[in-house]
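Asker: Here is a sequence together with a model predicted from it:
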Amino acid sequence: MQFLTKRNFLHTARTTQNKNLSALLACVGTLLLPTSVLAGDLTQYQAKYDVLRKGETHGKAVRELKKAADGNYVITYHSEIEWMIFSDSRKETSMFTYHDQKISPMSYTMERSGTGPDKEYSLKFDATQKQVQSSQSKYPLKIDWSDEFQDSLSYQVQVREELKQGKTQLSYPLVDKKGNLRNYNFEVVGTEMISLPIGNVEAIKVKRLYDNDKRQALAWFAPEMDYMLVRMWKGEKGVEQFEVQLNSFTVTTPVAVTNNEVSNEAPE
């Protein structure tokens with residue numbers, strides 16, 4: 001799952017039981033969002049999550065989106081999980097361009113350590129040469145180029161942008177960390193009020209469509225929080241594998257950062 005800590009923030013939505021959460025985010029959030037965000041930039045933020053299994057917390061995760069000095073964006077996701085004798089620490093980073101609500105990945109990296117062998121993967125998307133380079137191959141991947149390509153992180157940003165447009169059927173050709181081309185398909189199944197560590201939040205429920213019914217994946221996005229991913233649930237054959245719940249959300253000051261200014265700090 002996916003960090004930097006910044007004190008120069010304009011708005012923090014952090015509470016354990018706050019009945020006025022919706023009104024606070026709708027009113028204060030809109031008033032305090034930076035001018036550049038309101039003008040069309042992506043909202044820069046830090047979101048922290050609890051990672052649960054069967055109702056018990058087994059880890060933490062942090063997702064952060066920042067704008068780089070060159071005008072591109074960087075999203076990171078860092079998780080730390082411990083369950084029985086199993087431990088897993090991983091960090092994913094995606095750099096992408098943003099234009100007219102379209103996300104186009106430029107590079108993706110994933111580093112994993114913990115129980116079992118450590119792993120590291122990277123991808124580079126070259127729109128000029130129309131090819132994708134993987135750290136798992138000496139040569140460009142043998143796949144037909146598409147301007148709609150996404151990586152394992154960037155597609156999540158694209159989902160938010162398309163939910164803002166009111167779309168209910170979502171589909172992406174995704175190049176995964178190993179360089180395999182896969183189709184990710186989703187559908188909106190409704191809107192519901194959900195209970196989270198930050199309080200009650202009205203969210204759009206999105207279901208991933210698989211080729212069979214053995215696996216299930218659901219995600220909830222909150223319109224009042226700029227369509228932030230606030231909950232995720234994954235299962236197999238009806239049995240929960242894990243759940244992720246938002247416990248804090250901060251809109252950060254839009255200060256441009258250099259491309260290598262991505263912290264390796266672990267989730268608190």
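Answerer: Sure, I can see it. Numbers count the residues shown, from 1 in each chain.

Asker: Every contact and neighbour count from this point should use C-alpha atoms.
Answerer: OK.

Asker: which secondary structure element contains the spatially most central residue of the chain?
Answerer: Closest to where the C-alpha atoms of the chain average out (CA atoms, centre = their mean) is Gln156, at 5.1 Å. According to DSSP states H and E, Gln156 maps onto helix 154-164.

Asker: which secondary structure elements does the following helix or strand past that helix contact?
Answerer: Next along the chain after helix 154-164, taking DSSP H and E as the criterion, comes strand 169-175. In this structure, strand 169-175 packs against helix 154-164, strand 181-196, with contacts taken as 3 or more CA pairs under 8 Å, 6 or more residues apart in numbering; DSSP states H and E.

Asker: how far out from the middle of the chain is strand 169-175?
Answerer: Here strand 169-175 is found 15 Å from its chain centre; the criterion is CA atoms, centre = their mean, to the nearest Å.

Asker: and Val157, what is it in contact with?
Answerer: Ile103 (CA atoms under 8 Å, 6 or more residues apart in numbering).

Asker: Same question for Lys237.
Answerer: Lys237 touches Asp213, Lys214, Arg215, Gln216, counting by CA under 8 Å, 6+ apart.

Asker: if I read this right, the third one contacts Trp233, doesn't it?
Answerer: Put plainly, it is Arg215. No. Using CA atoms under 8 Å, Arg215 is not in contact with Trp233; the gap is 11.0 Å.

Asker: how much space between the residue nearest to the centre of the chain and Pro105?
Answerer: 12 Å (CA to CA, to the nearest Å).

Asker: do the same with Glu202
Answerer: 30 Å.

Asker: Which one's more surrounded, these two?
Answerer: Pro105 (28 against 18; other CA atoms under 10 Å).

Asker: Skipping adjacent residues, who's closest to Gly114 in space?
Answerer: In space, and not counting its chain neighbours, Gly114 is closest to Asp88: 4.6 Å by CA to CA, 6 or more residues apart in numbering.

Asker: Look up which residues are beta-bridged to that neighbour.
Answerer: Asp88 forms beta bridges with Ile81, Gly114, as assigned by DSSP bridges.

Asker: Identify the residues contacting it.
Answerer: Per CA under 8 Å, 6+ apart, neighbours of Asp88: Ser79, Glu80, Ile81, Glu82, Arg112, Ser113, Gly114, Thr115.
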